[in-house]
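A.B. asks: below is the sequence, then the predicted model.
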Amino acid sequence: MAIAWTLLTADGRRAFREQLSIDEATWARGRGWALWKTLVACARTMGRADEAARNARHALSEIFSEDSTDN
């Protein structure tokens, strides 16, 4: 599930989730794993402006922008 926030757009995540037919708890765990993975990437790229740093910050914004009530 975590890959949904690092590679997919909001629309892509909705389609992905619909196709998987998973419950709310599974989706929330995936989002939590994505947050953990992204925070590690952000810490490793702190102070940098390269592609890895931009990708980490983008993934973090995707995680935080998704309302937990969005389905």
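C.D. replies: Perfect, I can see it now.
A.B. asks: who touches the least confident helix or strand in the chain by mean pLDDT?
C.D. replies: Lowest by mean pLDDT, DSSP states H and E among the helices and strands of the chain is helix 3-7, with a mean of 90. For helix 3-7, contacts defined as Cβ atoms under 8 Å, 6 or more residues apart in numbering pick out 12-13, 16-17, 30-31, 34, 37-38, 55, 59, 62-63, 66. C-betas here are computed from N, CA, C, even on glycine.
A.B. asks: which of those fall in helices?
C.D. replies: Among those, the members found in helices (DSSP state H) are 12-13, 16-17, 30-31, 34, 37-38, 55, 59, 62-63.
A.B. asks: what's the most distant pair in those residues?
C.D. replies: Within those, two members stand farthest from each other by Cβ to Cβ: Arg17 and Asn55, at 21.7 Å.
A.B. asks: which one of the two has more residues nearby?
C.D. replies: With neighbours defined as other Cβ atoms under 10 Å, Arg17 and Asn55 compare such that Arg17 has more, 18 against 15.
A.B. asks: how many neighbouring residues does the residue lying closest to the more buried one once chain neighbours are set aside have?
C.D. replies: Excluding its sequence neighbours, the residue lying closest to Arg17 (Cβ to Cβ, 6 or more residues apart in numbering) is Trp27, at 6.2 Å. Look at Trp27: counted by other Cβ under 10 Å, it has 19 neighbours.
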